[in-house]
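Visitor: Fold the following for me, if possible:
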Amino acid sequence: MLSLLDLPRELYLIITSHLQPTDLTHLAGVTRDHYLAAQEPLYTDVKITAYSRFVKLVDTLRKVPVVSTISPQQRLRWFKLSDAQLRERDIKHLSLVLDGSVDGLRITGAALSNCIGAVARKCDNVKIHLTLNGGWPRWMSQLEKFGLSNVTELTLILDEAELELDGSWRWTATSPLWDLLFCGSSFADLKKVYVNTNKGHHQASLQDSVGRAQSHHDSPVEKATSKPAVPFYGLRRMEEVVIAHSQHLTPNVMGSLFGSDIIPQCLTKLEIVDCPSLHALGHLTAIAILLHRALQLVKHLKLHLCRLVSRSSDSEVLSHQYTHKLDEHPEEHPCNIVRELGKRIQHLDLALPFVCSNIFPPRSKISNVFADKPDYPTIARNPVDTLPARVEAAGYKYRRLICWHGICRDAHKWHDMRESAVSIEEDVSWDLIMGKHMGSWHVGGCLPVRFHADDELSRPFTEAEMEM
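Guide: Predicted structure coming up:
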């Protein structure tokens with residue numbers, strides 16, 4: 001009768017991928033032939049979704065190991081290997097997902113720090129992706145005293161009510177949340193961070209995402225203080241920063257992140273999506289500083305500002321306020337900043353209250369691209385969720401521009417906006433979306449493709465998009 005170990009290795013690995021670390025450890029000790037089949041897949045990438053299983057993994061690592069890393073030359077002579085060679089093992093990537101509603105009362109900052117430290121000591125150069133769901137108020141205060149080494153990627157999907165214990169630090173740049181993430185001491189190896197402090201917000205589409213955010217937006221605009229920006233030294237190592245649906249992203253925090261002397265030279269991806277405390281009019285200075293710095297550093301920028309809400313619900317009032325703001329500070333006009341500094345960026349996704357044709361390069365500097373290619377793009381627009389990746393794979397720079405209200409200063413009509421996009425550079429793709437008008441997709445050297453903007457705004461997010 002055949003046993004599990006007699007299966008072809010491909011089937012064997014498929015089966016072992018569904019086992020827990022403790023079960024795999026017992027299985028590894030059955031026969032030496034197991035080392036040849038599953039030694040590297042066993043521990044190379046480990047994903048744990050419960051604190052109890054994480055503790056078991058730490059206990060396993062502290063015991064005498066039973067799996068090893070064997071080179072191709074050694075595999076030919078595996079029966080002559082020493083016990084030390086057979087007992088080596090190394091975790092390359094560890095994904096740890098913890099839920100505050102399940103394990104919140106069991107985990108302390110000291111315990112989590114000790115467990116992660118044990119993994120880091122046993123496995124050289126291990127990269128840990130830590131995901132925390134729910135409310136962790138005690139954990140945040142405790143972690144200020146304990147560091148988490150080797151955590152290179154951190155995902156925080158926190159509960160706003162539990163996170164904000166007394167609200168005293170909500171509008172400051174030195175809140176425990178941001179200082180914990182970016183000070184550079186608690187997470188010494190952190191390179192990628194995703195923060196969403198509105199756990200109950202499950203956005204299904206762009207329209208739903210913005211609608212939920214703007215419901216919090218009809219409130220007095222918090223003014224930025226004149227205090228100097230607090231430097232976040234951890235930004236020097238950051239490669240990706242994503243902040244979504246967080247009321248704790250204020251102009252003071254923006255100043256510390258993007259207005260200080262700390263330049264995040266390693267940063268390649270930055271996303272700020274629907275943060276209600278960031279007001280497109282009242283905080284235009286902070287937004288301009290962000291665009292100035294990000295467009296010169298990153299390859300991927302996504303900035304989605306909330307739709308403005310006026311007490312009179314009059315778009316003309318909002319347009320007048322925006323015009324007055326630009327007249328006072330013309331250097332803060334986002335469209336001009338994008339035109340001057342956004343030529344090199346590979347991926348640009350903007351959702352702004354007002355836009356205008358100034359966002360495109362002047363026509364006089366661009367040749368008549370339709371002289372050679374008066375045809376539609378060879379790239380299919382659908383499925384839309386994969387369009388950015390397909391456009392970039394074809395050698396184009398991807399741009400998407402969503403307009404919530406209208407044209408800056410009422411300088412022209414939306415039709416003129418589409419006409420200006422016709423003469424873009426040949427290596428650029430622009431997606432123009434405004435709810436009450438037809439959307440259009442422009443690829444350099446090709447005819448524009450029209451579509452219903454409402455269809456794009458109400459299109460349900462795919463699972464991959466909701467995880468981004």
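Visitor: C-alpha only now, for contacts and for neighbours.
Guide: OK.
Visitor: Could you pull up the mean pLDDT of stretch 397-413?
Guide: Here stretch 397-413 scores 92 as its mean pLDDT.
Visitor: got the CA coordinates for that stretch in CSV?
Guide: The C-alpha atoms that make up stretch 397-413 are tabulated as CSV, following Å, rounded to 0.1, in the frame of the first residue of the first chain:
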residue,chain,number,x,y,z
LYS,A,397,3.1,56.0,-18.9
TYR,A,398,-0.3,55.6,-17.2
ARG,A,399,-2.4,58.6,-16.1
ARG,A,400,-5.9,58.8,-14.6
LEU,A,401,-7.6,62.1,-13.8
ILE,A,402,-10.9,62.1,-11.9
CYS,A,403,-12.7,65.5,-11.6
TRP,A,404,-15.4,65.8,-8.9
HIS,A,405,-16.8,69.3,-9.5
GLY,A,406,-15.6,71.2,-12.6
ILE,A,407,-13.0,73.3,-14.3
CYS,A,408,-10.6,75.5,-12.5
ARG,A,409,-11.8,79.1,-12.6
ASP,A,410,-14.4,78.1,-15.1
ALA,A,411,-11.7,78.7,-17.7
HIS,A,412,-13.2,76.4,-20.3
LYS,A,413,-15.6,73.5,-20.9
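Visitor: any residues touching that stretch, and which ones?
Guide: Surrounding stretch 397-413, the residues in contact under the criterion Cα atoms under 8 Å, 6 or more residues apart in numbering are 307, 315, 319-320, 322-323, 345-356, 388, 391-392, 414, 427-435.
Visitor: The longest strand seen in the chain: how far from the chain's middle?
Guide: For the chain, the strand reaching the highest residue count under DSSP state E is reported as strand 397-407. For strand 397-407, the distance between its averaged C-alpha position and the chain's averaged C-alpha position is 20 Å (Cα atoms, centre = their mean, to the nearest Å).
Visitor: Past the helix or strand of the chain with the lowest mean pLDDT, which element shows up next along the chain?
Guide: Of all regular secondary-structure elements in the chain, judged by mean pLDDT, DSSP states H and E, the least confident is helix 33-43 with a mean of 51. Counting by DSSP states H and E, the element after helix 33-43 in chain order, helix or strand, is strand 45-48.
Visitor: what's the following helix or strand after that next one?
Guide: Once the chain leaves strand 45-48, the next helix or strand it forms, by DSSP H and E, is helix 51-62.
Visitor: quick check: mean pLDDT across that next one?
Guide: On average, the pLDDT along helix 51-62 is 85.
Visitor: Next, count neighbours for the spatially closest residue to residue 444 that is not a sequence neighbour.
Guide: Nearest residue to residue 444, sequence neighbours excluded (Cα to Cα, 6 or more residues apart in numbering): residue 426, at 3.7 Å. Other residues near residue 426 number 16, with proximity taken as other Cα atoms under 10 Å.
Visitor: residue ranges with poor pLDDT in the stretch 251-400 of the chain?
Guide: In the prediction, the stretch 251-400 of the chain carries residues with pLDDT under 70 at positions 310-314, 363-374.
Visitor: Apply 50 and report the result again.
Guide: Across the stretch 251-400 of the chain, residues meeting the criterion (pLDDT under 50) sit at 364-366, 369-370, 373.
Visitor: show me where it has strands.
Guide: When assigned using DSSP state E, counting those that start in this stretch, the strands of the stretch 251-400 of the chain occupy the ranges 269-273, 300-304, 347-355, 397-407.
Visitor: For the third one, what is the distance to the chain centroid?
Guide: In other words, strand 347-355. Strand 347-355 sits 17 Å away from the centroid of its parent chain (Cα atoms, centre = their mean).
Visitor: Which neighbours in the sheet does that strand have, and how are they oriented?
Guide: For strand 347-355, the paired strands and their directions (DSSP bridges) are strand 300-304 (parallel), strand 397-407 (parallel).
Visitor: Of all these, which one is nearest residue 51?
Guide: In this view, the strands paired with strand 347-355 are compared for proximity to residue 51 by Cα to Cα, and strand 300-304 is the closest at 33.6 Å.
Visitor: show me the contacts for the nearest residue to residue 449 once chain neighbours are set aside.
Guide: For residue 449, the nearest residue in space outside its immediate sequence neighbours is residue 441; the separation is 5.0 Å by Cα to Cα, 6+ apart. In this structure, residue 441 makes contact with 429-432, 448-450, judged by Cα under 8 Å, 6+ apart.
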